[in-house]
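Student: Got a predicted structure plus its sequence, pasted below:
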Amino acid sequence: MTTHIHIPKLNVGKREIDVFPYWLALLGAGLLFGLTGAFIVLRDGLQVTGLTNQVPWGLWISIDLTAISLGGSAFVFGVIVYLLRVKRMEVIGKLSVLLGFLGYSTAGMVLLFDLGQPLRFWHPIVFWQAHSLLWEVTMCVVLYLTVLMAELLPVVLEHSVFSEHPWLKKYPALGKAFDLLHKLSHWLHSIGPVLAIAGLTLSLLHQASLGATYSVLAGRGMWFDQSAPVQFVLSAMGGGIALLFFMGVIVFRVMRPGMVDDETLFDVARLAGGVTLLYIYLRMWDWAVANYYSFDTLVDMQTKALDSISPFSLTFWLGQILLPLVGASILLAAGRVRNFRLLMIAAVFPMLAALVTRWNYNFSGLIASITYDPFTPAIRLNSYAPTWVEFAVGTLVICYWLLMFSLAARFLPFQSEGHAHAKHK
Amino acid sequence: MGNSPEKQNNTGSSRSDFLKVAAATAGAVGLTQFFSLQTLAGKDLSGGEPSEGPQWGMLVDINLCIGCNYCTYACQAVNNLAEDMRYNVVTVETTTNDEEYFLSRPCMHCEEAPCVHVCPVGATYHRPDGIVTMDYDLCIGCRYCQVACPYDARVFNWETPVEDSPRSPSFGVQEVPNRPRGVMEKCTFCQHRIDASVERGLVPGVDEAATPACVVACPTGARVFGDLTDAHSPISKAKHEAIVTLRLREELSTAPRVYYIPPKSALTEES
């Protein structure tokens, strides 16, 4: 049986237009623009960026962190589907695997450009320095990307083109290869629980370590924060699951009506809301510890310096506390709200919280850095403006994400296990 | 076993599912607490064994520094650096009495160097003699060391290395090979001079050919170099004679091997 995919059309006058080809053309233009920038940065090195010795981590690292956080639903749903055996989450779990894979592959791609020596990207895998947070993050991301590929392969192979295409009969080698892949995918599916445990462990490790990457650096004042690892984990779970809900509504409720019932989607929304509220609770205490109970004059000076040149505190209160609080509360009450448009708008704010947390974290300690003057320590404000090449590479990876997602949303069946097994028998 | 409860799940016992998920979430968040920051980042990964031999250190007498920047220029000539690449930096700072002074800052060669702790590939490491140095073939150019350094001492090689430093030959000639574009660089206490001196029987800190270029270039003798473990070395004597020495950002427990004699104006206020 094949899944019936309903394709949304745009009504222009009396005509119904499928915008998909135009959308692909737009993404293609973005990719082309991005590839130009990518070529330039690989040819000329990082001198083409706006990065300096004072602000060495900029736009790309922030995109990288955000992409990883928005892939945060995959490990949660790996556990829900394979370990807790919540059957009705199975189909939505497949979408979470896709979102996880896209988030992590996007992050890996943008990091490659951020290295001064891109061809040495494999060094951390061979030359271990186990005390480095960044080494641990690299290893976890590499291993977890492997886990995600193992989890994604069966989802992709569900498409009938990989089992029914005439070429598979015409070219026996191709048919054999796909038979093997199908067998592999069956085996991978059978070891799902193992993959889920591996995914959970690896994800918790590196999502937390991404916060710790910054928070172990005592010399940067406001970065030195014991709760940053947990903030990063919780905001990634909240933001990632909110994205899963948002995309879940599009992929299932709009495009594949009947595959996932509304109650299940409401549960996803509730989960996103609940975790986000947990994050906000922790974030409030963290704020109080850093700014209210503490007498750390340097952190206070940093905050004031940042506020003098940017809406730093405002983005904290709006982006990390108030808007996510409203959004998360609406999501938590999904069963009563029952309005998918409102819920989708509400789901934007946990994602915003994940994004703002990371962008503020990255830039705060670098832009407002503490001097080493022994008698009158001061805050030096550094400036950073991304160049067009940085924006181009950013566009490249975002368009990659959107393109892959659009193709998957349009063509992958996302069948539940029952259907998949029926087809094989 | 366990089949029938699973089937019941299909009919939608959403409350128990939600509880399961909530419990799993709480457990998962708890898991992150196992990995304490201290375990991950607190311990030293020194490249060599704590050696019996010399431990090199530097002392800068701020009272003698006239801000001429010869130390910076000599460093640029020896390491073949472009105009805008500086391992050593001289800045104008003020004491609490608002008196200005020159603060000349090489790499601190910290005993607990944040850059060594954070490097994901071990490209930045401690030599047995305490020098924090680089393996330029390992460096991937991630710039985490630069972000971690509290002294702003790490420099990234953004551009292709220059043929000849603008400071050469006035302040010296190139003594070390060029580093490729895209790696982190740093002050090495002129390790090449120290290493060569051992074979020739010279003493770093005493013989000019064995002493870091910045120390040799200083026209006022504000910089002293030598073995911190040897009581008769120039640095140990100078440290002994100085009333007070300080190290930069000592509160961070990085234990720098570069000491400063603070300006007199700063001391009078404190006493």
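Tutor: Cool, got the structure. Everything quoted here is computed from the prediction, not taken from an experiment.
Student: now the residue nearest to B:V89 when sequence neighbours are not counted: how far from B:T254?
Tutor: Of all residues beyond its chain neighbours, the one nearest B:V89 is B:R105 (5.2 Å), with distances taken as C-beta to C-beta, 6 or more residues apart in numbering or on different chains. Where you see a C-beta, it was placed from the backbone N, CA and C, and this is true even at glycine. Between B:R105 and B:T254 the computed distance is 14 Å (C-beta to C-beta, to the nearest Å).
Student: just to revisit the earlier point, in terms of pLDDT, where does the residue nearest to B:V89 sit?
Tutor: Reported pLDDT at B:R105 in the predicted model: 96.
Student: what does A:Q415 give?
Tutor: Value listed for A:Q415 in the pLDDT field: 79.
Student: what do you get for A:Q129?
Tutor: For A:Q129, the model assigns a pLDDT of 93.
Student: State the distance from it to B:C107.
Tutor: 19 Å.
Student: Next: A:D267.
Tutor: 55 Å.
Student: Can you give me every residue that contacts A:N291?
Tutor: A:V299, A:D300, A:T303 (C-beta atoms under 8 Å, 6 or more residues apart in numbering or on different chains).
Student: no wait, A:M301
Tutor: A:A368, A:A378, A:I379.
Student: And it, which helix or strand is it part of?
Tutor: Element membership for A:M301, per DSSP states H and E: helix A:297-309.
Student: Assign a three-state SS to the residue in the stretch 101-250 of chain B positioned nearest to chain A, would you?
Tutor: Going by C-beta to the nearest C-beta, chain A is nearest to B:G141 of the stretch 101-250 of chain B, at 1.9 Å. Using DSSP: H, G, I helix; E, B strand; the rest coil, the structure places B:G141 in coil.
Student: For it, which non-adjacent residue is closest in space?
Tutor: Nearest residue to B:G141, sequence neighbours excluded (C-beta to C-beta, 6+ apart): A:G116, at 1.9 Å.
Student: What is the neighbour count of the one you found?
Tutor: 21 (other C-beta atoms under 10 Å in any protein chain shown).
Student: again, but for A:N11
Tutor: Neighbour number of A:N11 under other C-beta under 10 Å is 8.
Student: ok but it is inside a strand, no?
Tutor: Yes - the assignment for A:N11 (three-state DSSP) places it in a strand.
Student: Could you check the pLDDT of it?
Tutor: For A:N11, the predicted pLDDT is 82.
Student: Bridged to it, which residues?
Tutor: Counting by DSSP bridges, A:N11 is bridged to A:E16.
Student: gap between it and chain B?
Tutor: To chain B, A:N11 is 36 Å away according to C-beta to the nearest C-beta, to the nearest Å.
Student: now A:I250
Tutor: 22 Å.
Student: mind checking how far that residue is from B:C71?
Tutor: In terms of C-beta to C-beta, A:I250 sits 62 Å off from B:C71.
Student: between these two, which one's more packed in?
Tutor: Using other C-beta under 10 Å, the more surrounded residue of A:I250 and B:C71 is B:C71, with 28 against 16.
Student: Once you drop chain neighbours, what's closest to the more buried one?
Tutor: B:C214 is the one closest to B:C71 (C-beta to C-beta, 6+ apart), at 3.6 Å.
Student: Show me what the helix or strand harbouring that neighbour packs onto, helices and strands only.
Tutor: B:C214 belongs to helix B:213-217 when assigned by DSSP H and E. If you count contacts as 3 or more C-beta pairs under 8 Å, 6 or more residues apart in numbering or on different chains; DSSP states H and E, helix B:213-217 packs onto helix B:70-78, strand B:223-227.
Student: Following the longest one in sequence, what is the next regular element?
Tutor: Spelled out, that is helix B:70-78. Assigned by DSSP H and E, the successor of helix B:70-78 is strand B:89-94.
Student: Residues contacting that next one, please?
Tutor: Contacts of strand B:89-94 (C-beta under 8 Å, 6+ apart): A:373-376, B:65, B:67, B:69, B:71-72, B:100-105, B:152.
Student: Among these, which ones are in strands?
Tutor: Those of the contacts of strand B:89-94 mapping onto strands are B:E100, B:Y101, B:F102, B:L103, B:S104, B:R105, per DSSP state E.
Student: Which positions in the stretch 301-425 of chain A make contact with chain B?
Tutor: A:G365, A:L366, A:S369, A:I370, A:Y372, A:D373, A:P374, A:F375, A:T376 (C-beta under 8 Å from any C-beta of the partner chain).
Student: at 6 Å what do you get?
Tutor: A:Y372, A:D373, A:P374, A:F375, A:T376 (C-beta under 6 Å from any C-beta of the partner chain).
Student: Excluding residues flanking it in the chain, which one is nearest the second one?
Tutor: Residue nearest to A:D373 in three dimensions, not counting chain neighbours: B:E93, with 4.5 Å by C-beta to C-beta, 6+ apart.
Student: what about the one you found, how many neighbours?
Tutor: Neighbour tally, B:E93, other C-beta under 10 Å: 20.
Student: likewise B:V162?
Tutor: Using other C-beta under 10 Å, B:V162 has 16 other residues around it.
Student: so what's whatever residue of the stretch 201-350 of chain A ends up closest to chain B up against?
Tutor: Residue nearest to chain B within the stretch 201-350 of chain A: A:G219 (2.9 Å; C-beta to the nearest C-beta). Neighbouring residues of A:G219 by C-beta atoms under 6 Å, 6 or more residues apart in numbering or on different chains: B:P150, B:L252.
Student: Now do the SS call for it.
Tutor: helix.
Student: if we can go back for a sec, residues touching the residue nearest to B:C71, list them.
Tutor: Applying C-beta under 6 Å, 6+ apart to B:C214 gives the contacts B:C71, B:A74, B:C75, B:N88.
Student: who in the stretch 51-200 of chain A is up against chain B?
Tutor: Contact residues, the stretch 51-200 of chain A versus chain B (C-beta under 6 Å from any C-beta): A:53, A:56, A:79-80, A:84-87, A:115-117, A:120, A:123-124, A:127, A:129, A:131-132, A:134-135, A:138.
Student: rerun at 8 Å
Tutor: A:51, A:53-54, A:56-57, A:76, A:79-80, A:83-89, A:114-117, A:120-121, A:123-124, A:127-129, A:131-136, A:138, A:200.
Student: all strands for the chain, in order.
Tutor: In the absence of a named chain, chain A is used. Using DSSP E, strands in chain A cover A:10-12, A:15-17, A:368-370, A:379-381.
Student: that's the wrong chain, I meant chain B
Tutor: Using DSSP E, strands in chain B cover B:56-61, B:89-94, B:100-105, B:124-126, B:132-134, B:155-156, B:184-185, B:223-227, B:258-261.
Student: Quick one: closest of those strands to A:P257.
Tutor: strand B:155-156 (53.4 Å; C-beta to C-beta).
Student: Give the pairing partners of the closest one; include direction for each.
Tutor: Strand pairing (DSSP bridges) places strand B:155-156 next to strand B:184-185 (antiparallel).
Student: Give the burial count for A:N382, as a bare number.
Tutor: Neighbour number of A:N382 under other C-beta under 10 Å is 13.
Student: Next one, pLDDT for it please.
Tutor: On the pLDDT scale, A:N382 gets 94.
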